[in-house]
Every structure is written in C-alpha cells, then in structure tokens.
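Asks: Could you look at this predicted model? Sequence included:
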Amino acid sequence: MIRDGKLQGWLSLPVDTLPVWATLNGVSFDGVSIGPLPGKEDRGSTVIARRHLKGGHEPPLVTIPRDLILSLERIHQHAKSDSDFRAVLDGLDEFGRTARGAILSFLLMQSFTACPSVVNKKGVSGPFTEYIKYLPMEMLPTFWSPAECDLLTGTTLAPALSAKLKSLNREFEQLRVATANIPWCAEQWWDEVDGILEFDDWLQVDAFYRSRALEYPGVGDCMVPCIDMANHSSGTGTAAIYEVDNQGNAVLLLRDGKNIEQNGEITITYGDGKGACEMLFSYGFIEDEMESARELFLDLSIPEDDPLRRAKSAVAKCAPGFKIVDAEDGVIFEGAYIWIICVNEEDGLSFQIQQTVDGAQELIATWQDEPVHGFEGFRSMLEQDPLWDVYHLRAVSILQERVASQLQDLYGSDDRVDATQHGDGTGIRERAWHLAKRLRVLESELLEKAYSYYEDQVSRQDRPISDDLHIDMDGFRQDSRSTIHVCSTC
Ligand SMILES: C[S@@+](CC[C@H](N)C(=O)[O-])C[C@H]1O[C@@H](n2cnc3c(N)ncnc32)[C@H](O)[C@@H]1O
C-alpha cells in the first residue's frame, strides 16, 4: 500500500509545498527553509539557511507546536477521538503501549486513511495524514535484495539484519493476529484477495520511524515533523540541536558559536557515538567523514564443552556478546557475557537452586560463595580477586579469538564481493554495493586494530605473576607451577 502510494503519488507531496502545511499547522521557520541542497540532492531534503546565521544570536530556527510531537502520549490522545485506530491500538495490547508499537501502527493507519481506493473510509485524518506524504522511502538495508544482503557477509550488519527482519516479521504477525477480529481490518487489511496490507508496509513504517525518530528531552522517543528533515553531521560539523522550549514546543536551535552562510546546511547529530554498522542499519548511509567503524558488536557463545554451559546460559540475562569501541590508544570492550564464559567451577563459580519469597524456585549463581546479583556487576567482583589478571587475560584471549574468526569471515568473502557485478541491470544497486564495501573496510580496520591490541595485552602479561599458580588457556587452575602461559592463537 505505502509503496504504491509513494509511486502513484497519492502518498507523496513535493517538498516545496511543505511551507503551506507548516503554516496550516502552526509551524514557524526563522531564517531557514526545507528542501534539497544543491550538490547533495542524493541526501533528500534538509534544512537550509536562508540568510547568514550567527550562533548565539538567533531565535529558534524552527518551532513545532507541542501537539505535533508524535510521541506515545500524543498517539494515545489521538486514539481517544479515533475509535477505528483505538481498536487497533487496544488489540496490540502491551506493544501498543510502547512508543515504537504506537508510532508504527499510527503511521500505518494514517497511510490507510489517506488511501483513495478505500471505499469504506476508516480512521481520522489529521496533520500527519498529510505529513507522511513528505517522507521519502529510505533505502535501509531491510529493503535490500538477497543478493545485496549477501554483500554484507562477514560484517556485523549481516546477523543484525537477519535478526531485525525476523523481529519485523513477528511484529507484523502480531498486528495481524491482534486486528484479525476487527471486522473492517479483517475485510480491508487482511482479506486474502482484496486485503491491502503487506509485510512491505510494516517495513516502510519501521523505516520512517527508525530513520527519523529523535530522543526528545522529557518526551522520549518520538517523531517531530520538519525537525526530522535535518540531515546528520557529527562532531564540529553539527550545526544545530533540538530541544523543547518552556511551553513544551519542539525547537531547532543553532549551536552557540556556529555560523552558517546563506544557503548552508543546518545539520543535527543522530548520535556521534553511533558506529558505521548502526548508521547504515538505521539511516541507510555512512557519513563521508567517518574514518573508523567506531564500534561493533560481536556475538559470543559458551563453549560446548563447558560443564556449566546450561546453568550459565540459564542465569545470564545479558547480551550474549561484546562491543568493541575504538579508542585513541587501542580499543575498549564492553559487555558482561565474557566474564561468565571465562570462569568456572575450579575458580569459584557455582550454581544453586534458591527458594524465592513467593515459594518459586530459581537458579542463582555464586562466586566464592557470594551470590551474583545479575552479571552486569560480575566484572567488579572478579576485579577483587587475587587472580583478576588471570581472568582478564583469559577474557582477552577469548575476545581475540572471536575477533580473528570475524576477520576470517570478512576476508574470506572479500574476493567474492569485489568480483560481484553491480550497477544497472545487475540486480545490485551501485549504492548498496558501495555502502557494503565501505562497511567491510571500516569494520576490518577496527577488527585488526582490536586484534593487535589484544595481542599486545596478551604478550605483555605472558610473564610470571604468581609463585604458586599456573593458568592455561582452558582456564583451569593448576597449583604449584610458576608461570602463566597464554597461547595467543588458541
Ligand atoms: C531524519 S531523515 C533527514 C531528512 C531526509 N533527508 C529527508 O529527505 O526526509 C534521515 C535520512 O536522511 C538522509 N541523510 C541524513 N544525513 C545524511 C548524510 N550525512 N549523508 C547522507 N544521507 C543523509 C538519510 O537517507 C537518512 O536516512
């Protein structure tokens, strides 16, 4: 439905009509307009300075009335006067009470309300029925063809993308089940012959939301018309910030000290810390100036032969992996899961069944007989242990091995990607090929940096640390030896 609407024109309006929409809805611009920037048209529309703007001396560049901030609260308010949408939202239950569930279903409903071929009209029109007509279809990887997705083999985006598609499928099925008993939904959305909705519609509303959602102070995750037309630039390139004023309106403010020439671009940041993978995943581009993948997430699994594997998996509530973050003098790793992997019963980890206050039984972990309350703080417990250096070294070796296997996957698929025909008539869009290639390069550089950094750490610690202990890399304690030996390639 949405794709048809964008292609046929009923869900599409030229951006030069946006000022009319803005005036009708109480949006004000001061010194800026919205449209494509000459030379950067491939980035869609953006906010453009209409005169020389001097940071610290300018009023808000854009002011959006508070009622137009599309938040969970605003949608529930709308549902009070839109009984058709309220039935959908109520059907979604818990999911409808999350910002994501409410916003996606609202955007879907508004598109349906705008659809001219629907005879038995449903839903109540409002400012967003028109505003969605200004939103372009983003080329996020969720819309890449299987051949294009194949270019991502070995990158951290490949597993993230397949997990996302599974979760989008689950959400869409949830929507179908939740609304299948509403007569007009059964007839107009889901009928096997005439039903208008398809999975692509859910992908479209997900893409609208994911590429445009802002975390607004005091409001939470939301969409803000017009401010969501600002393109991204990180670091000192960021020209403006978004806030709420003292009346709850959303405002776009030029940063202090930032001067923008007439016809210059007013950018915001979508998150300076976001890595190349996340930028491509959520926004469909990687900033030209990005010189590092910045961060990446690798999964980890508890080895098959770990005798505590099942208990560890049952108790660990943290993400099964670790994040590598690029740092000035090496890399930092974040994530609690590694610490569960690198200690065992011989070190002092054990599991017990405990009776809870309501009489149920639960499995809990103990470290040196102390209960471990959630593994997020487990690292600090290990840090108190005289053998901390050893545990740390084990962790680093496991991480290094995982980094090595990721590099192998990346390099192992490089030749195939390089040889893949792309461009007109090949089924692989030029842009997708270049983005995939760029991600591959940035991630391999960060992985190599991590590998050398770990190598360095391992070799620095490959020296005697205790007179009475020997730790080998299977992670078992053997008394009465005098060195720690770490095999960095195992
Ligand atoms: C919040 S929207 C910004 C407005 C958008 N350009 C439009 O026409 O509606 C985010 C999208 O803008 C584009 N974009 C933003 N900043 C960009 C940049 N620095 N380089 C390339 N594309 C960018 C991407 O397509 C991204 O998904």
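Replies: Done, it's in. Computed from a predicted structure; not experimentally measured. Numbering: from 1, shown residues only.
Asks: CA atoms for contacts and neighbours, from now on please.
Replies: Will do.
Asks: what residues does the stretch 151-300 of the chain put near the ligand?
Replies: Neighbours of the ligand within the stretch 151-300 of the chain, by Cα under 6 Å from any ligand atom: 211-212, 228-233, 283-285, 287.
Asks: from these, which single one is nearest residue 362?
Replies: Within those, the smallest distance to residue 362 is 40.7 Å, found for residue 211 (Cα to Cα).
Asks: So for that closest one, what pLDDT did the model give?
Replies: The per-residue pLDDT reported for residue 211 equals 97.
Asks: and the residue nearest to it when sequence neighbours are not counted, how far is that from residue 231?
Replies: Leaving aside its sequence neighbours, residue 211 sits nearest to residue 283 (Cα to Cα, 6 or more residues apart in numbering; 4.9 Å). Distance, residue 283 to residue 231, by Cα to Cα, to the nearest Å: 10 Å.
Asks: domain ranges for the protein?
Replies: For the chain, automatic domain parsing gives the domain ranges 2-266, 295-479.
Asks: rank those by pLDDT, which is bottom?
Replies: Among the domains of the chain, domain 295-479 scores lowest, at a mean of 88.
Asks: how about TSV for the domains of the chain, with mean neighbour count added?
Replies: What follows is those, written out as TSV (neighbours: other Cα atoms under 10 Å):
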stretch	mean neighbour count
domain 2-266	17
domain 295-479	16
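Asks: about what we covered before: of all the residues of the stretch 151-300 of the chain next to the ligand, which comes closest to residue 456?
Replies: Once Cα to Cα is applied, the member of these that ends up nearest residue 456 is residue 287, at 30.9 Å.
Asks: Now do the same for the closest one: helix, strand or coil?
Replies: State at residue 287, reduced to three classes by DSSP: H, G, I helix; E, B strand; the rest coil: coil.
Asks: Tell me, how many residues neighbour it?
Replies: Burial of residue 287 is recorded as 13 neighbouring residues (other Cα atoms under 10 Å).
Asks: ok, now the one 3 residues further on?
Replies: The local packing of residue 290 (other Cα under 10 Å) involves 12 other residues.
Asks: Which of the three states applies to it?
Replies: Residue 290 is classified as coil under three-state DSSP.
Asks: Would you check how far apart it and residue 439 are?
Replies: In terms of Cα to Cα, residue 290 sits 10 Å off from residue 439.
Asks: shared neighbours of these two, anything?
Replies: Listed as contacting both residue 290 and residue 439 by Cα atoms under 8 Å, 6 or more residues apart in numbering are residue 276.
Asks: pull the CA atoms of the helix or strand hosting residue 207 into PDB?
Replies: Here residue 207, judged by DSSP states H and E, is contained in helix 199-212. What follows is helix 199-212, C-alpha atoms only, in PDB (Å, rounded to 0.1, in the frame of the first residue of the first chain):
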ATOM      1  CA  PHE A 199       4.800  -7.000   5.000                       C
ATOM      2  CA  ASP A 200       6.400  -4.300   3.000                       C
ATOM      3  CA  ASP A 201       4.100  -1.800   4.700                       C
ATOM      4  CA  TRP A 202       5.400  -2.700   8.000                       C
ATOM      5  CA  LEU A 203       9.000  -2.400   6.700                       C
ATOM      6  CA  GLN A 204       8.100   1.100   5.400                       C
ATOM      7  CA  VAL A 205       6.700   2.400   8.700                       C
ATOM      8  CA  ASP A 206       9.600   0.900  10.500                       C
ATOM      9  CA  ALA A 207      12.000   2.700   8.200                       C
ATOM     10  CA  PHE A 208      10.100   6.000   8.600                       C
ATOM     11  CA  TYR A 209      10.400   5.600  12.300                       C
ATOM     12  CA  ARG A 210      13.900   4.200  12.600                       C
ATOM     13  CA  SER A 211      15.500   6.800  10.300                       C
ATOM     14  CA  ARG A 212      13.600   9.800  11.800                       C
END
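Asks: Tell me which strands whatever helix or strand comes next after it pairs with, and in which orientation.
Replies: Counting by DSSP H and E, the next helix or strand C-terminal to helix 199-212 is strand 214-216. Using DSSP bridges, strand 214-216 pairs in its sheet with strand 220-222 (antiparallel).
Asks: what's the partner strand in contact with?
Replies: 69-72, 99, 103, 213-216.
Asks: still on that earlier bit, closest to residue 277 out of the domains of the chain?
Replies: Of all those, it is domain 2-266 that lies closest to residue 277, at 5.8 Å by Cα to Cα.
Asks: Please enumerate the helices of the stretch 101-250 of the chain.
Replies: For the stretch 101-250 of the chain, the helices defined by DSSP state H, counting those that start in this stretch occupy 127-131, 146-150, 157-179, 183-188, 199-212.
Asks: Please list the residues outside the third one that contact it.
Replies: Outside of helix 157-179, the residues within contact range by Cα under 8 Å, 6+ apart are 87-88, 91-92, 141-142, 149, 152, 185-186, 190, 199, 202-203, 277-278, 281.
Asks: what do you get if the cut-off is 7 Å, keeping everything else the same?
Replies: Here helix 157-179 makes contact (Cα atoms under 7 Å, 6 or more residues apart in numbering) with 88, 91-92, 142, 152, 185, 199, 202, 277.
Asks: any idea of the angle the helix or strand harbouring residue 280 forms with helix 199-212?
Replies: Under DSSP H and E, the secondary-structure element containing residue 280 is helix 276-283. Here helix 276-283 runs at 120 degrees with respect to helix 199-212, directions being taken by axes from the mean of the first three to the mean of the last three Cα atoms, to 10 degrees.
Asks: for helix 276-283, packing partners?
Replies: Helix 276-283 sits against helix 199-212, with contacts defined as 3 or more Cα pairs under 7 Å, 6 or more residues apart in numbering; DSSP states H and E.
Asks: how does it look with 8 Å?
Replies: helix 157-179, helix 199-212, helix 430-461 (3 or more Cα pairs under 8 Å, 6 or more residues apart in numbering; DSSP states H and E).
Asks: Next, format those as JSON lines and append distance to residue 243.
Replies: As requested, those are exported to JSON lines (distance: least, Cα to Cα, whole Å):
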{"stretch": "helix 157-179", "distance to residue 243": "30"}
{"stretch": "helix 199-212", "distance to residue 243": "15"}
{"stretch": "helix 430-461", "distance to residue 243": "32"}
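Asks: out of those helices, which comes closest to residue 352?
Replies: Closest to residue 352 of the helices and strands packed on helix 276-283, according to Cα to Cα: helix 157-179, at 32.8 Å.
Asks: Tell me what angle the closest one forms with helix 430-461.
Replies: Orientation of helix 157-179 against helix 430-461 (the same axes, to 10 degrees) gives an angle of 120 degrees.
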